[in-house]
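Colleague: What follows is a predicted structure for the sequence shown.
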Amino acid sequence: SAPNVARSFGDIAGSTILGDIGFFGAGYMLMFGYASLMLGRVNCLEHRTMLAVAGIMGVLMGIVVSYGVCSAAGLFYGPMHSVMPFLMLGIGIDDMFVIVQSWETLSPQQKTGSLVDRVGLTMRHAGAAISVTSITDVIAFGVGGFTILPALHSFCIYASVGIVATFVFQSTFFVAWFSLDQRRLEDNRNALCCCVVHNDHQPNRFSQRNILQSVFNSLGRLLTIPAVKVVVLLVTGTLFSVGVWGNVLLRQEFDPAWFLPPGTYLATWFQYNKVYFPSDGEVGTIYFSNTKLPEEIGKIEDLVADLSSQSEILQDVDSWTSHYLDYVQTNKLVDLDMQMESFNKTVFRRTLTQFLFSPSGAVYRNRFQFKSKLECGEDASDILLFELTYSHRLFSGPEEQVPAMNAVKDAIKHSNVTGRVFPYAYGYAAWETDEVIAEEVYRNTALAVVCVFFTTLLFICNLRGALLIIGCVLLTLVNVGGFMHFWGLTIDTVSCNNLIIAIGLCVDYSAHVTHRFLVEKGTRNERAISTMQNIGPAVFNGGFSTFLAFILLAGSKSHVFISFFKIFFLVVSFGLFHGLVLLPVVLSCIGPDTQITNQVTNPHV
């Protein structure tokens, strides 16, 4: 058996999401291990496990601030908000890696200064870089906050507040811990127990090799070879073509049953119901409140006739008014020449009671709500609410469902029936979403891209650099949207949220690379190589650690988490490809001129 009760859907969908919360902890542990390994070196003095803890604490504090402030402001918390820890982690850890990488790439001359001066020089570059990406992220989500979709509106505001809080904590709390950890290191104190001093410490040879920096130096040199540039451009063009094709095929569809994991009793109920009790179409109801009766029975009859005439979208339009008129005329309860508009209210109330207690009218008795209980033999009291029903034809998708729903609404509007009159069907919630979701996705995405472009232009002060950044963002979005189709996803409320997230994440990769390219010196090829060596490891670490955090969601049974995993996988993969492979190639060919001509060594200049 497969039961279905009123609260089953909420219970199962909610418990599925909450049941996957364990993935958060495991993901954070994976990311913590990776961050601990990549931030420092593998010896008892130079590994930075405590610094990794501080970075994660900064992210967690940002999440707490976001939840606290937004909840206090009355914004609701929904299922989509459960992905917030992953989003904050991806952005916060990226900031952490950029700060540490900027420290590592200080010149030998700069490294001779005091600790205060060196931290100042580090934040001169890293602070500007993470400020650009954080502000563009806030703007991308801020645009999404103006949507008419309540879930997306709430999520985007939560995300904007969280990004601001995370940026503040990483720029202050993490940097403070970093300065303390560096002071510990320079005093030769043990990384785990600062009370232990290693006076004659000799680090092992392996720990002194910066393997990742060497790898990106080699990758940068490889990408400056003309033949490799051609191959990269051809691969990018191929991926873009496939992405465009996938976007053309991408469907707009949403089914609430997707929130139910396979094997649950309610998912089984939906499966059996579809197989053994197939529906001819969505059953709908039109509710009437404060409608003038009997004066407007004629208008209601005209509405019924209008709905019945639309046989291509509707069937089985059933109204009590038609049967009531037949009843009173057949039983000669009123003058046959009398118009309904001229009915006396007392006559109407008496005959309505008789009709509703008659064999032909008893079926409609539960379609009324009276001011007081209806009693046989007594005049009906004031009518608070009544309804008529109809059924839609069976439709193939939103392209037929949405026009059919709107046709019912238009018929009601043109009927000019007074009071509050509105249609309702179980599927209308999804149909209403389908009506606006595509427009909302494309509008919010376009506005976010435009706002991110002008914000990037304002901060890096270079038109060509801003165009290259936004070009990489657009390529990533096209590829993510196209490959969503090939991975079985559709445009729905969940994917809509995730696509807004995609803008915030993929802009980080290209913005860091372009910003670094602007401050490097030499020819375009030399600057591209230096950029890859100096910022490439931080960008890669930020993207790969984010990937580690959500990789375990691949085993989730929740539609929210599965969709999140698929889209984030695409965002990180294409974002890193465009930021660390395509963009260096383009910069080496048509990159903007350097913006710094003299080496700055004094942070107070």
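Modeller: Here it is on my side, so go on.
Colleague: mind checking pLDDT for the closest residue to residue 441 other than its chain neighbours?
Modeller: In space, and not counting its chain neighbours, residue 441 is closest to residue 496: 5.0 Å by Cβ to Cβ, 6 or more residues apart in numbering. Placement of C-beta: from N, CA and C, glycine included. Residue 496 is assigned a pLDDT of 79 by the prediction.
Colleague: likewise residue 17?
Modeller: So, for residue 17, pLDDT stands at 54.
Colleague: How about residue 43?
Modeller: 70.
Colleague: And for residue 579?
Modeller: The per-residue pLDDT reported for residue 579 equals 92.
Colleague: residues near it, how many?
Modeller: 28 (other Cβ atoms under 10 Å).
Colleague: Now the residue nearest to it when sequence neighbours are not counted: which helix or strand?
Modeller: Ranked by Cβ to Cβ, 6+ apart and with sequence neighbours excluded, the top spatial neighbour of residue 579 is residue 509, at 3.1 Å. Applying DSSP states H and E as the criterion places residue 509 in helix 493-519.
Colleague: So which elements touch that helix?
Modeller: helix 84-104, helix 115-144, helix 150-169, helix 428-460, helix 463-486, helix 524-550, helix 559-577, helix 583-590 (3 or more Cβ pairs under 8 Å, 6 or more residues apart in numbering; DSSP states H and E).
Colleague: Select, out of those, the one closest to residue 62.
Modeller: helix 150-169 (3.2 Å; Cβ to Cβ).
Colleague: what's that closest one packed up against?
Modeller: helix 49-72, helix 84-104, helix 115-144, helix 493-519.
Colleague: now it: mean pLDDT?
Modeller: 89.
Colleague: Where does the prediction get shaky in the stretch 501-605 of the chain?
Modeller: Counting by pLDDT under 70, the stretch 501-605 of the chain contains low-confidence ranges at 596-605.
Colleague: still on that earlier bit, just put the helices and strands packed on helix 150-169 in CSV and tack on distance to residue 474 and mean neighbour count.
Modeller: Converted to CSV, those look like this (distance: least, Cβ to Cβ, whole Å; neighbours: other Cβ atoms under 10 Å):
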stretch, distance to residue 474, mean neighbour count
helix 49-72, 28, 19
helix 84-104, 20, 25
helix 115-144, 13, 21
helix 493-519, 10, 26
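Colleague: I'd like those helices as TSV, with distance to residue 377 appended.
Modeller: Below are the helices and strands packed on helix 150-169 laid out as TSV (distance: least, Cβ to Cβ, whole Å):
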stretch	distance to residue 377
helix 49-72	56
helix 84-104	62
helix 115-144	60
helix 493-519	52
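Colleague: right, so of those helices, which gets closest to residue 324?
Modeller: helix 493-519 (42.0 Å).
Colleague: ok, back up a step: among the helices and strands packed on helix 150-169, which is nearest residue 247?
Modeller: helix 493-519 (11.5 Å).
Colleague: pLDDT-wise, which helix or strand of this structure ranks last?
Modeller: helix 8-19 (a mean of 58; mean pLDDT, DSSP states H and E).
Colleague: Next SSE downstream of that helix?
Modeller: Criterion used, DSSP H and E; the element after helix 8-19 is helix 22-39.
Colleague: which other residues reach that next one?
Modeller: For helix 22-39, the external contacting residues (Cβ atoms under 8 Å, 6 or more residues apart in numbering) are 47-49, 51-53, 55-56, 85-86, 89, 93, 96-97, 100, 212, 537, 541, 544-546, 548-553, 555-556, 561.
Colleague: Tell me, how many residues neighbour residue 396?
Modeller: Neighbours around residue 396, by other Cβ under 10 Å: 7.
Colleague: Shouldn't it be within a strand?
Modeller: No - checked against DSSP: H, G, I helix; E, B strand; the rest coil, residue 396 lies outside a strand; its state is coil.
Colleague: distance of it from residue 281?
Modeller: Separation of residue 396 from residue 281 (Cβ to Cβ, to the nearest Å) stands at 11 Å.
Colleague: quick one on the thing from earlier: surely the residue nearest to residue 579 is in contact with residue 576?
Modeller: Yes - here residue 509 reaches residue 576: they are 6.0 Å apart, a contact under Cβ atoms under 8 Å.
Colleague: Find residues that contact each of these two.
Modeller: Common neighbours of residue 509 and residue 576 (Cβ under 8 Å, 6+ apart) are 539, 543.
Colleague: Would you enumerate the residues in contact with residue 58?
Modeller: 92, 96, 166, 169, 170, 173, 174.
Colleague: Near the spatially closest residue to it that is not a sequence neighbour, how many other residues are there?
Modeller: What sits nearest to residue 58 in space, not counting adjacent residues and going by Cβ to Cβ, 6+ apart, is residue 169, at 3.9 Å. Neighbour count for residue 169, taken as other Cβ under 10 Å: 22.
Colleague: same question, residue 106
Modeller: 16.
Colleague: a helix runs through it, doesn't it?
Modeller: No - if the criterion is three-state DSSP, then residue 106 is coil and not within a helix.
Colleague: who are the neighbours in contact with the most centrally placed residue in the chain?
Modeller: By Cα atoms, centre = their mean, the chain has its centre lying nearest to residue 497, at 1.7 Å. Residues near residue 497 by Cβ under 8 Å, 6+ apart: 80, 83, 151, 152, 155.
Colleague: cool, and residue 100?
Modeller: Contacts of residue 100 (Cβ under 8 Å, 6+ apart): 39, 48, 51, 178, 538.
Colleague: Among the residues you listed, which one has the most neighbours?
Modeller: residue 538 (29 neighbours).
Colleague: gap between it and residue 461?
Modeller: 22 Å.
Colleague: just residue 353 next, same as before
Modeller: On the measure of Cβ to Cβ, residue 353 and residue 461 end up 79 Å apart.
Colleague: Out of the contacts of residue 497, flag the one nearest to residue 118.
Modeller: Using Cβ to Cβ, those come closest to residue 118 at residue 83, 37.2 Å.
Colleague: and residue 372, helix, strand or coil?
Modeller: With three-state DSSP as the basis, residue 372 sits in coil.
Colleague: Kindly apply the preceding question to residue 200 instead.
Modeller: coil.
Colleague: what about it, distance to residue 46?
Modeller: 15 Å.
Colleague: Compare the two (neighbour count), which wins?
Modeller: residue 46 (15 against 5).
Colleague: Who has more neighbours out of residue 353 and residue 461?
Modeller: For residue 353 versus residue 461, neighbours defined as other Cβ under 10 Å are more numerous around residue 353 (21 against 11).
Colleague: Can you give me every residue that contacts the more buried one?
Modeller: Counting by Cβ under 8 Å, 6+ apart, residue 353 has contacts 374, 375, 376, 377, 378, 379, 380.
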